[in-house]
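Got a sequence here, can you build the structure:
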Amino acid sequence: MYAYIKGKIISRNDSQLVIENNGIGYLINCPFAISSELGHNGEDATVYVYQSVREDDISLYGFASADQKEIFLKLITVSGIGPKVAHNICSALTPEQIALAVMGNNVSILSGVKGLGKKTAEKIIIELRDKLKGQTKSSSGSSGVLIMDPSSKAKTAMGSVADDAIGALMVLDYKEQDAAEAVAAAYEEGITLEVLIKKALKIASGSKFS
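So this is what the prediction gives:
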């Protein structure tokens, strides 16, 4: 299984990208909406990849960031969502937008993706939220806000906004404790869920792989 491929961008089109590394050209499924984030032809780039192995096909799917790949891995756990559909969602929406849709129960964000119907969008939200509840129950048993430092300014905060933001970071594969600490640090009175998620992500991203 590949984690990422680092090399030179040789060519690309609307749906694929070729990266050369040590004389080997890797053909990667990568919509232009994603590959355009990686740089120009001839430049070095790091492409996070997922290898799909089926009986009749072995394919690589490319991503511009680790968070983008992580939300893709969450999406393909949803029944009926394969790599192609999940990749299409990731090329149309940012990881933050997908997490926000799941935690905010916002079907319209997901159903706005070309080829994704309302029923499928609802299924994604329901299944990912159910998986998230399972994660939370199997951890310390505390809610996101309660595991924060008691002196945190988020302790007195509006549970629902803070909890939803913690859940959004967990959808992006951050540990519950790390997500809670980041949300506590990012919280300001009156902050919206979307802004809180973005600010908390910036704080959490530095410690994700430490």
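
in what helix or strand does the residue most central in space within the chain lie?
Centroid check for the chain by Cα atoms, centre = their mean gives residue 71 as the closest residue, at 2.9 Å. Residue 71 belongs to helix 66-75 when assigned by DSSP states H and E.

Break down the chain into its strands, ranges please.
Ranges of strands within the chain are 4-12, 16-21, 24-29, 44-54, 57-63, based on DSSP state E.

which helices and strands sit right next to the second one?
So the one you mean is strand 16-21. strand 4-12, strand 24-29, strand 44-54 (3 or more Cβ pairs under 8 Å, 6 or more residues apart in numbering; DSSP states H and E). In short, each C-beta sits where N, CA and C put it, glycine included.

Identify whichever of these lies nearest to residue 202.
Nearest to residue 202, of all the helices and strands packed on strand 16-21, is strand 44-54, at 18.8 Å by Cβ to Cβ.

So which elements touch the helix holding residue 71?
Secondary-structure packing of helix 66-75 (3+ Cβ pairs under 8 Å, 6+ apart): strand 44-54, strand 57-63, helix 83-92, helix 95-103, helix 118-138.

where's the lowest-mean-pLDDT helix or strand in the chain relative to the chain centroid, distance-wise?
The weakest-scoring helix or strand in the chain, judged by mean pLDDT, DSSP states H and E, is helix 118-138 (a mean of 80). When distances are taken as Cα atoms, centre = their mean, to the nearest Å, helix 118-138 is centred 14 Å away from the chain's centroid.

Kindly export it (C-alpha atoms) in PDB.
Output of helix 118-138 as PDB, limited to C-alpha atoms (Å, rounded to 0.1, in the frame of the first residue of the first chain):
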ATOM      1  CA  LYS A 118     -30.200  13.200  -2.200                       C
ATOM      2  CA  LYS A 119     -30.700   9.700  -0.900                       C
ATOM      3  CA  THR A 120     -27.000   8.900  -1.300                       C
ATOM      4  CA  ALA A 121     -26.100  12.100   0.400                       C
ATOM      5  CA  GLU A 122     -28.400  11.200   3.300                       C
ATOM      6  CA  LYS A 123     -26.800   7.800   3.500                       C
ATOM      7  CA  ILE A 124     -23.300   9.300   3.700                       C
ATOM      8  CA  ILE A 125     -24.300  11.600   6.600                       C
ATOM      9  CA  ILE A 126     -26.200   8.900   8.500                       C
ATOM     10  CA  GLU A 127     -23.500   6.200   8.200                       C
ATOM     11  CA  LEU A 128     -20.500   8.600   9.000                       C
ATOM     12  CA  ARG A 129     -22.300  10.000  12.000                       C
ATOM     13  CA  ASP A 130     -23.100   6.500  13.300                       C
ATOM     14  CA  LYS A 131     -19.500   5.500  12.900                       C
ATOM     15  CA  LEU A 132     -18.500   8.700  14.700                       C
ATOM     16  CA  LYS A 133     -20.800   7.900  17.600                       C
ATOM     17  CA  GLY A 134     -19.200   4.400  17.800                       C
ATOM     18  CA  GLN A 135     -15.800   6.000  18.000                       C
ATOM     19  CA  THR A 136     -16.800   8.300  20.800                       C
ATOM     20  CA  LYS A 137     -18.500   5.600  22.900                       C
ATOM     21  CA  SER A 138     -15.400   3.300  22.600                       C
END
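
All good on my end, thank you.
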